[in-house]
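Visitor: Turn this into a model:
(chains A and B)
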Number of protein chains: 2
Amino acid sequence: MKYAAGVDVGGTNIVCGLIEETGRVVARKKYATAPERGSAAVLEGIAATVERLREDAGIPADDLEAIGLGIPGLLDPERGISVRAVNLGWTQVPVAAELQRRLGKPTYIDNDVRMYAYGEAIAGAGRGARYVLGVTIGTGLASAFVQNGELLYGHRFMAGEIGHVPIEHFESIPCNCGRIGCLETVVSATGIARQARTRIERGERSSLAERFPDLSRLRSVDVTEACLAGDALAKDVLDRTGRALGAALAWAVPLLSPDAIVIGGGGALAGDALFVPMKSELDSRLLQDYKDQFVIRSAELHDDAGLIGSALWALARGRKALHT
Amino acid sequence: MKYAAGVDVGGTNIVCGLIEETGRVVARKKYATAPERGSAAVLEGIAATVERLREDAGIPADDLEAIGLGIPGLLDPERGISVRAVNLGWTQVPVAAELQRRLGKPTYIDNDVRMYAYGEAIAGAGRGARYVLGVTIGTGLASAFVQNGELLYGHRFMAGEIGHVPIEHFESIPCNCGRIGCLETVVSATGIARQARTRIERGERSSLAERFPDLSRLRSVDVTEACLAGDALAKDVLDRTGRALGAALAWAVPLLSPDAIVIGGGGALAGDALFVPMKSELDSRLLQDYKDQFVIRSAELHDDAGLIGSALWALARGRKALHT
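Guide: The predicted structure is shown next:
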């Protein structure tokens, strides 16, 4: 059996894993990123963790075939460089070269959302589909597209952005990007919590008002729980969020023609409360030819999707490089 | 020098061409499709035309390397089958196998818009770019995306549809697809002519009113001419059309991240009258990261784009097949 290491590098936590070529996770370790240590120390930590995991699992060094990392922000997967990762404080960090030097294995980096989508496409909810659109509803909203096991990159490797288009007929909220009314202000874990907070502050009734005297502590997961417990405001917030996402997917589906859409991230935990209005809005906006041509599934691999995706992608890239 | 034949199959006309591997057209012939003859006769005609062009150009049979065809409608490029082409009256026609049998050369078929975009991407206005979004504003509105010389296909090879999403804040016109307010009802040659007709019928003043006592004869090219001659209504129609296209591109650009957008088809002949409002609307809706990261160009190859695209694509596919 051959193995690859997959690493999901976040601003808060790093998750390192050893993955069988089948996609099975044989070992994982999660620890604080502590980016203030600087990129060299963070990469040294990753190298040491991968080595430790491999030794503890009793895997011979020769059976570890490649290393893959999913990294947020702007990056260049061809040259293996993290161009700009704000949460990590990284600029022009040659991640692949540094880890390859330390571990002596072919090392590949890619965007964290692409690696998440690749993991779900190959080994998760998109298994068996050929054209997988992965969408993550987290702090922000992001997507990536996998066609026949290849990734859609676009110029500067920046394809997949769906969160920052202004949406008509919804709220006009200032977005982190500096503009007004972006989709992400509604469709994100942050947006779900914000909608509930704003409406309670305006005097709407909700069980969340009593549970959160300090509304700044209200999170999207609380909205989901309140909805499941029958709270009408929480239900309406998720309904609006789902419809906004459906309107956005009405652009993405005919442009990409996926046969599977996999939706993950914290915001997706709302399940049907989000998915039913999303599908209804999408269906009402979709050309007949595209209806019933794709499945919509919740992500299956959750926190492991990025690990598995980056490990399997590194294996695929490494093996392709050997044959060209 | 090696050559390929490129064939642009339309419901009204067929254009056959012989193309150098450099993309230069060495011979072409345009003739009426006459689809009522049936698919066998149409394909027999194409085979005979390709043979005649080759002989007349004095090209040895061995130097003709492949045949490529761009065909409208739903098709399966992997199996070489035209699944459904309404304007041709074709259903499940095995085009590639039939022509390969008749001409003895590897034959490939693909969607006409993809072949148009591929031609422009490789040998036209997108030359030098790696991620080319081709948009054609003709009877309808369509698009195709070329990433590093590969095509974005999607499930059932149906990626690239942008004409049939309802657009907010524009007109609510019944669309050919049976729904209301699709982008294509505004952004198409048909849509441009219809907007002008409707507004004149409602009593708005325009030089077009005198020129066309029978408004049903008014075409989009007349709107373009009137605009260039200073007609305010024509200018406003193109302005609205451009803004609607800009709003649509605001979804496509971050999702695909093109470094070049090539816009062709009859509707694009309006030039700046369409392009300036389009760019302005797109810019106002685009995340900073994507601004100034792509060029927008008018198509260069015009009627030859489909020919050149299908010939070069056939060469590329044929050579790739030899090496795998």
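Visitor: So which bits of the stretch 151-300 of chain A are right by chain B?
Guide: A:152-162, A:164-166, A:168-169, A:177-179, A:248, A:250-252, A:254-259, A:285, A:287-290, A:293-294 (Cβ under 8 Å from any Cβ of the partner chain). To be clear about C-beta, it is placed using only N, CA and C from the backbone, and glycine gets the same treatment.
Visitor: What sits closest to the residue of the stretch 101-250 of chain A found nearest chain B if chain neighbours are left out?
Guide: Minimum separation of the stretch 101-250 of chain A from chain B (Cβ to the nearest Cβ) falls at A:Gly154, amounting to 2.6 Å. Once flanking residues are discounted, A:Gly154 sits nearest to B:Ser257: 2.6 Å by Cβ to Cβ, 6 or more residues apart in numbering or on different chains.
Visitor: That neighbour against B:Tyr290, yeah?
Guide: Yes: shown here, B:Ser257 and B:Tyr290 form a contact pair, counting by Cβ atoms under 8 Å, at 6.9 Å.
Visitor: Which one's more surrounded, those two?
Guide: B:Ser257 (25 against 21; other Cβ atoms under 10 Å in any protein chain shown).
Visitor: For that one, give its distance to A:Ser143.
Guide: Note on B:Ser257: its distance to A:Ser143, by Cβ to Cβ, to the nearest Å, is 12 Å.
Visitor: Common neighbours of the two, please.
Guide: A:160-161 (Cβ atoms under 8 Å, 6 or more residues apart in numbering or on different chains).
Visitor: hmm, back to that, is it correct that the residue of the stretch 101-250 of chain A closest to chain B is in contact with B:Leu133?
Guide: No: using Cβ under 8 Å, A:Gly154 is not in contact with B:Leu133, being 9.5 Å away.
Visitor: Name the residues contacting each of the two.
Guide: B:256, B:258.
Visitor: Tell me who's in contact with A:Tyr224.
Guide: Quick fix: residue A:224 is Thr, not Tyr. A:192, A:234, A:238, A:269-271, A:273.
Visitor: would you list those residues in JSON lines and tack on pLDDT?
Guide: Below are the contacts of A:Thr224 laid out as JSON lines (pLDDT from 0 to 100):
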{"residue": "A:Ile192", "pLDDT": "96"}
{"residue": "A:Ala234", "pLDDT": "98"}
{"residue": "A:Leu238", "pLDDT": "98"}
{"residue": "A:Leu269", "pLDDT": "92"}
{"residue": "A:Ala270", "pLDDT": "93"}
{"residue": "A:Gly271", "pLDDT": "93"}
{"residue": "A:Ala273", "pLDDT": "97"}
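Visitor: I'd like those as JSON lines, with secondary structure and distance to B:Thr139 appended.
Guide: As requested, the contacts of A:Thr224 are exported to JSON lines (DSSP: H, G, I helix; E, B strand; the rest coil; distance: Cβ to Cβ, whole Å):
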{"residue": "A:Ile192", "secondary structure": "helix", "distance to B:Thr139": "43"}
{"residue": "A:Ala234", "secondary structure": "helix", "distance to B:Thr139": "47"}
{"residue": "A:Leu238", "secondary structure": "helix", "distance to B:Thr139": "41"}
{"residue": "A:Leu269", "secondary structure": "helix", "distance to B:Thr139": "45"}
{"residue": "A:Ala270", "secondary structure": "helix", "distance to B:Thr139": "42"}
{"residue": "A:Gly271", "secondary structure": "coil", "distance to B:Thr139": "43"}
{"residue": "A:Ala273", "secondary structure": "helix", "distance to B:Thr139": "42"}
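Visitor: Please enumerate the helices of the stretch 101-250 of chain A.
Guide: A:112-123, A:189-201, A:207-211, A:220-228, A:232-256 (DSSP state H, counting those that start in this stretch).
Visitor: Let me know whether the first one sits next to chain B.
Guide: No: looking at helix A:112-123 against chain B by Cβ under 8 Å from any Cβ, there are no contacts, and the closest approach is 12.2 Å.
Visitor: contact partners of that helix?
Guide: So helix A:112-123 is in contact with A:6, A:8-10, A:23, A:68, A:70-72, A:110, A:126-127, A:129, A:132-134, A:136, A:142-146, A:149, A:151, A:160, A:260, A:262, A:264, A:299-301, A:304-310, A:312-313, going by Cβ under 8 Å, 6+ apart.
Visitor: make it 7 Å
Guide: By Cβ atoms under 7 Å, 6 or more residues apart in numbering or on different chains, the list of residues contacting helix A:112-123 from outside reads A:8, A:23, A:70-72, A:126, A:129, A:132, A:134, A:136, A:142-144, A:146, A:151, A:160, A:262, A:264, A:299-301, A:305-306, A:308-310, A:312-313.
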